[in-house]
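Novice: got a predicted structure here, sequence first:
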Amino acid sequence: MHGTSDRVSRRLPVEAGTITTGLVPLTSETRHYASQVLRIAYGTEIEVFDGQGMTGRGVLTADGVEVATTTHHAMAAPHITLYQAIPKGDRWDLVLEKATELGVDTIVPLLTQWSVVNIPNSKAGPKVDRWQKIVQSAARQSERVYTPVVNAQTSLADALKHAQEETHWLADADGVAATAPVGKSLGIWVGPEAGFSIQEVELLAGATRVSLGRNILRSETAGIFAVGIARLASQDAL
């Protein structure tokens, strides 16, 4: 059963590689979240996750979580990468949060010919750190055992050089209806409000043009919706 957006989670994040039977430490930030936000009392049974497929069940103590059992979860298929031009304002934060909830695995912010946001190299590191915190929070809220990875902004051409997905979708109002992705990995390409340039569309000639419906969607809506369609079409649990 799917939870509502305001459902309180009893799953706490821990550092990658720390989940074993026995005492698993919590960061000061997670301790504060557990005690002041979730109001979890010592002795309460909870679950911890490391964002890399490991979970553990145990009880909260003053020193951390005393884990009794651990489980490794397989990653959902297909592996979904969202390649998207960053929209202006706070809309990018919405893309990060909602795409995470719907099952994205990697997010690659694109710098395109008609992009409205161009992040200078001097600010790239802090930006990525902030973005990663947003997806970590969304993963915790949606109880995902795998936390998506957010890359630094890159050009479309450079992104294509490193793209390894077996199937690629290009969001296009004149495209075909989305069907189940072929293969174990999918790349979804979404341009800025003005769309991709003719030259960029030519670079993406190998992608399947996929329609997201009759209505014209804003860039941030298109990215979020496309991830949801892909995960639903794959028939894989979110």
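Specialist: Yes, it's here. Numbering: from 1, shown residues only.

Novice: what residue ranges in this structure score low on pLDDT?
Specialist: 1-9, 235-238 (pLDDT under 70).

Novice: report the central residue of it.
Specialist: Central residue of the chain (Cα atoms, centre = their mean): T100, 3.2 Å from the mean position.

Novice: next up, identify which helix or strand it is on.
Specialist: Secondary structure assignment for T100, by DSSP states H and E: helix 91-102.

Novice: again, but for V135
Specialist: Per DSSP H and E: helix 124-141 holds V135.

Novice: relative to helix 91-102, how tilted is that helix?
Specialist: For helix 124-141 against helix 91-102, the angle between stretch directions is 40 degrees (axes from the mean of the first three to the mean of the last three Cα atoms, to 10 degrees).

Novice: how close does R214 get to A177?
Specialist: 11 Å (Cβ to Cβ, to the nearest Å). (Glycine included, C-beta is placed from N, CA and C.)

Novice: swap in S211?
Specialist: According to Cβ to Cβ, S211 and A177 sit 6 Å apart.

Novice: next: G43.
Specialist: With distances taken as Cβ to Cβ, G43 is found 52 Å from A177.

Novice: and what of R57?
Specialist: 42 Å.

Novice: the more surrounded of those two?
Specialist: R57 (15 against 10; other Cβ atoms under 10 Å).

Novice: before we move on, which element is the more buried one in?
Specialist: Using DSSP H and E, R57 falls in strand 54-61.

Novice: give me the sheet partners of that strand and which way each runs.
Specialist: strand 45-49 (antiparallel), strand 64-72 (antiparallel) (DSSP bridges).
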